[in-house]
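Undergrad: Sequence first, predicted coordinates after that:
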Amino acid sequence: MVSTAATALVILLGYLLFVHWQRQHSARRPPGPRGLPLIGNAFQIPKDKQWLVWDKWRRKYGDLVSFRILGSDNLVLSSYEAATELLDTRGLTYSYF
């Protein structure tokens, strides 16, 4: 017989996973490679010469590439034009006061 506490724990864990999944998929991010659950793209990026992976992703996804590592969203700006557009032109939109 399963105890009430164990049942409540399973329901709570399921709810938290659902909310986490819903937040991840509802946020509008630039295109990028799909990662593994929880760890994201950690195994796709080498410790040295990361720019080779980012260049490959740039050719596949464009000048703005987003990826996730351990729940942290990251953005690679692969061109001067993309960096100028986001940081200079729309900088106030994305800054926190």
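TA: Arrived safely, thanks for sending.

Undergrad: so where is this structure shaky, pLDDT-wise?
TA: In the predicted model, the chain carries pLDDT under 70 at residues 1-2, 21, 23-27, 96-97.

Undergrad: got the residue ranges for the helices in it?
TA: 4-26, 50-61, 80-83, 91-94 (DSSP state H).

Undergrad: check contacts around the most centrally placed residue in the chain.
TA: Closest to where the C-alpha atoms of the chain average out (CA atoms, centre = their mean) is Arg68, at 3.1 Å. Arg68 sits next to 35, 40-41, 74 when contact means CB atoms under 8 Å, 6 or more residues apart in numbering. Where C-beta positions appear, they are placed from N, C-alpha and C, glycine not excepted.

Undergrad: Including neighbour count, could these go into CSV?
TA: Formatted as CSV, these follow (neighbours: other CB atoms under 10 Å):
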residue, neighbour count
Gly35, 16
Gly40, 22
Asn41, 19
Asn74, 14
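
Undergrad: Out of these, which is nearest to Leu13?
TA: Nearest to Leu13 out of the contacts of Arg68 is Gly40 (CB to CB; 20.3 Å).

Undergrad: Distance-wise, check the nearest residue to the closest one once chain neighbours are set aside relative to Pro37.
TA: Closest residue to Gly40 in three dimensions, ignoring its sequence neighbours and counting by CB to CB, 6 or more residues apart in numbering: Arg68, at 3.5 Å. Distance of Arg68 to Pro37, given as CB to CB, to the nearest Å: 10 Å.

Undergrad: next one: Thr89
TA: Distance, Thr89 to Pro37, using CB to CB: 35 Å.

Undergrad: Residues in a beta bridge with the residue nearest to the centre of the chain, which ones?
TA: With DSSP bridges applied, Arg68 shows beta-bridge pairing to Asp73.

Undergrad: Could you do Gly40 as well?
TA: Leu36, Ile69.

Undergrad: Just confirm it contacts Ser66, I think it does.
TA: No: using CB atoms under 8 Å, Gly40 makes no contact with Ser66, being 10.5 Å away.

Undergrad: which residues touch stretch 75-93?
TA: 30, 54-55, 57-58, 62-67, 94.

Undergrad: Alright, that wraps it up for me.
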